[in-house]
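Peer 1: Build me a model from this:
(4 chains)
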Number of protein chains: 2
Amino acid sequence: MKIEEEIKQPTFKDNYQKALINLVFTAGWLQQQQSSLFKSHSLTLPQFNILRILRGQHPKPATVNLLIDRMLDKTSNASRIVDKLEVKQLVTRTVCPSNRRAVDICITEAGLALLNQLDPVLEHQRNGLQNLTDEEAAQLSDLLDKIRN
Amino acid sequence: MKIEEEIKQPTFKDNYQKALINLVFTAGWLQQQQSSLFKSHSLTLPQFNILRILRGQHPKPATVNLLIDRMLDKTSNASRIVDKLEVKQLVTRTVCPSNRRAVDICITEAGLALLNQLDPVLEHQRNGLQNLTDEEAAQLSDLLDKIRN
DNA sequence: GCACATTAAATGTATGTACATATATTTGCA
DNA sequence: TGCAAATATATGTACATACATTTAATGTGC
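Peer 2: Prediction:
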């Protein structure tokens, strides 16, 4: 469906306004698609993303700062998302021995098992961009990089 | 800055994963840019977007359902965003005479004045996509439409 | 006319986002 | 040494998001 129909706005001021609205709308649309994949496992998208970062570090620990660095949303509150994961016993949190200001966060075996369970689902969805060719996906990334300079 | 540097991830599985992450990251980046423009007027981005829809309807009223239809984020709670705007006296809410289940929401003169004040700011920013040519903006919209089918 | 489904909006609850502030630890330097 | 600045994380508050449930009004079939 074209963006004009999605939000029932027949015209836009120009291609810039149209692309901006389309970009925000499509990003939200994709995130909702992804979220629905985790819902049955009681994981939210931010929680899932943090788990993936931790798996990338495993078996090394990550600090909150490292998580923020790698998160898509820099201003979100990694500390409280880790809280939720800790309650579910998907991660552990221990004071870093070499720097007692920092906290070592590690994914648990249960966390790794959960991610492994979800991997094929995500792979199958090809990350939600299944309608683009490889070339178009690359072209899209280039345009997005250009937007942010 | 390329997306690899933004989130400090040197490689991606493929162009699909890279484009997906870039899309979500860039949409958030743009929304934050926009939000900063309203902050000094104590308006949030969702509040601003609802006000703009109401201006588009003015002087006709809008219902909550109409707002949801036109909002970028369909699942957000229009009712409570309208609450906030009502407290600030930027909109009015009256029971619809012809269908007492529905509510007529109208932008006030104060609301219109606030939007008029913000218009030049947004225009100047060219909606945040100033680094793209007109053709590239159109190309971007086409790719995004294609993602969603 | 009346039970029952449908529709429109509001409300409840958990989570996340945004931003300011607080607490604890470490660093650096007079 | 001692003390201010910097660093790492946590906490407080307001707002938004996601989704289920509730309340009220309307529509429909019998």
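
Peer 1: Before we move on, what's the pLDDT of the spatially closest residue to A:V103 that is not a sequence neighbour?
Peer 2: Among residues not flanking A:V103 along the chain, A:R93 sits closest, at 5.5 Å (CB to CB, 6 or more residues apart in numbering or on different chains). Every residue, glycine included, has its C-beta placed from N, CA and C. Per-residue confidence at A:R93 stands at 96 (pLDDT).

Peer 1: Indicate whether the helix or strand A:R93 falls within makes contact with DNA strand C.
Peer 2: Here A:R93, judged by DSSP states H and E, is contained in strand A:91-95. No: taking CB under 7 Å from any atom of the strand as the criterion, strand A:91-95 and DNA strand C are apart, separated by no less than 8.2 Å.

Peer 1: Give the other helices and strands that that strand contacts.
Peer 2: Using 3 or more CB pairs under 8 Å, 6 or more residues apart in numbering or on different chains; DSSP states H and E, the elements in contact with strand A:91-95 are helix A:78-87, strand A:103-107.

Peer 1: Need the contact partners of the helix or strand where A:L112 lies.
Peer 2: Assigned by DSSP H and E, A:L112 belongs to helix A:109-124. The contact list for helix A:109-124, computed with CB atoms under 8 Å, 6 or more residues apart in numbering or on different chains, reads A:34, A:37-38, A:41, A:43, A:48, A:51-52, A:54-55, A:58, A:85, A:89-91, A:107.

Peer 1: list the buried ones in the next helix-or-strand element following that helix?
Peer 2: Next helix or strand after helix A:109-124 toward the C-terminus (DSSP H and E): helix A:134-147. For helix A:134-147, a neighbour-count test (16 or more other CB atoms under 10 Å in any protein chain shown) marks A:E136, A:A137, A:A138, A:Q139, A:L140, A:S141, A:L143, A:L144, A:D145, A:I147 as buried.
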